[in-house]
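Q: here's my sequence, what's the structure:
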Amino acid sequence: MPASELTYRAANRLGLAGLAAFGVRVRLHGTEHVPTTGPAVLAGNHVSYLDFLLVEYAARTRGRFVRFLCRGDIWDVHPALARAMDAMGHVPVHREVGAYALLRARDALEAGEVVGAFPEAGLSPSLTVRDLMPGPAALAVTTGAPLLPVVVWGTQRLATVDHVAARRGRLVDVLVGAPLTPSEHETVDALTGRLGTRLQGMLDDVQRRPEHAPGDGTYAWWHPRHLGGHAYDTRAGRRRNPAPASAREPVWRPRGS
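A: Reported below is the predicted structural model:
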């Protein structure tokens, strides 16, 4: 087994052990959409610092390792972390040279790998899908790889912007949607639009499930305002955690934003 896979397996098991220690219940839906071989782009919503672990968990049930596009400053935290990230094949995104990351990711796809990204360019304090950057769609269009929307919900109750809540027994749902295959001559902007619409619909559906609803009189900072929660509204959330100034201009915005 390659050293990269050994490192990845060890890191993934450590993360899942941490979730198990807190009694986190994870439900997976639609993992059959992750291909067992060949390239794919996984594009997820982003409500928690733990989302990458859950996306990877879903892919591992299909025998796949995900090479994530990650903020470049993660590599600056500690040399050991940088070595681990490199060993797992993750790709640093330095906003000022974003094309380099896309080239690295394209090479991975052309080698038959699965690439993961969070196109919102940061956590969404409003707990809704916010403006999307074009990176995942660009990778799908240029390589022909299927683009899979992935929604994670429940992780925001564990660790998100302004909140770390280490309570036991939380429920997390991970939904993998049917692939969005680029049609002939489809533009990156058009495919990003389809991705945004799909993510928004999937997220809204899971948020409305009774088991995720806040109880009467609960101060539900972990639930979106349009469903009766007390998360940031869209504009306040954008101010609280704006996309990096050097990030590309988004090509899709949710209705009413």
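Q: pull the CA atoms of the strand or helix carrying residue 152 into PDB?
A: Assigned by DSSP states H and E, residue 152 belongs to strand 147-153. Extracted C-alpha coordinates of strand 147-153, given in PDB (Å, rounded to 0.1, in the frame of the first residue of the first chain):
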ATOM      1  CA  LEU A 147     -19.400  16.800 -10.700                       C
ATOM      2  CA  LEU A 148     -21.100  15.400  -7.600                       C
ATOM      3  CA  PRO A 149     -22.900  17.800  -5.200                       C
ATOM      4  CA  VAL A 150     -22.400  16.900  -1.500                       C
ATOM      5  CA  VAL A 151     -24.300  18.300   1.400                       C
ATOM      6  CA  VAL A 152     -23.200  17.900   5.000                       C
ATOM      7  CA  TRP A 153     -25.600  18.900   7.800                       C
END
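Q: that strand: how far from the chain's middle?
A: 7 Å (C-alpha atoms, centre = their mean, to the nearest Å).
Q: model confidence over it, on average?
A: In this model, strand 147-153 has a mean pLDDT of 99.
Q: residues in contact with that strand?
A: With contacts defined as C-beta atoms under 8 Å, 6 or more residues apart in numbering, strand 147-153 is touched by 33-34, 40-45, 47-48, 51, 54-55, 58, 116, 136-137, 139-140, 172-182, 191, 195, 198-199, 202-203, 206-207, 212. In this view, the C-beta of every residue, glycine as well, is placed from N, C-alpha and C.
Q: could you do stretch 44-51 as well?
A: 15, 19, 55, 116-118, 120, 122-124, 127, 129, 149-153, 155-156, 158-160, 199, 203.
Q: tell me which of those fall in strands.
A: 116-117, 149-153, 159-160 (DSSP state E).
Q: hey, where'd the strands end up in this protein?
A: Using DSSP E, strands in the chain cover 25-29, 40-44, 66-71, 91-93, 114-117, 147-153, 159-160, 163-164, 171-176.
Q: dump those strands into a markdown table; add distance to residue 252 and mean neighbour count as well.
A: What follows is the strands of the chain, written out as a markdown table (distance: least, C-beta to C-beta, whole Å; neighbours: other C-beta atoms under 10 Å):
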| stretch | distance to residue 252 | mean neighbour count |
| --- | --- | --- |
| strand 25-29 | 24 | 15 |
| strand 40-44 | 11 | 27 |
| strand 66-71 | 17 | 22 |
| strand 91-93 | 19 | 22 |
| strand 114-117 | 14 | 27 |
| strand 147-153 | 12 | 27 |
| strand 159-160 | 22 | 20 |
| strand 163-164 | 27 | 11 |
| strand 171-176 | 19 | 22 |
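Q: for residue 239, which of those strands is the nearest?
A: strand 159-160 (16.0 Å; C-beta to C-beta).
Q: wait, residue 31 touches residue 176, no?
A: Yes. The criterion here is C-beta atoms under 8 Å, and residue 31 meets it with residue 176 at 5.5 Å.
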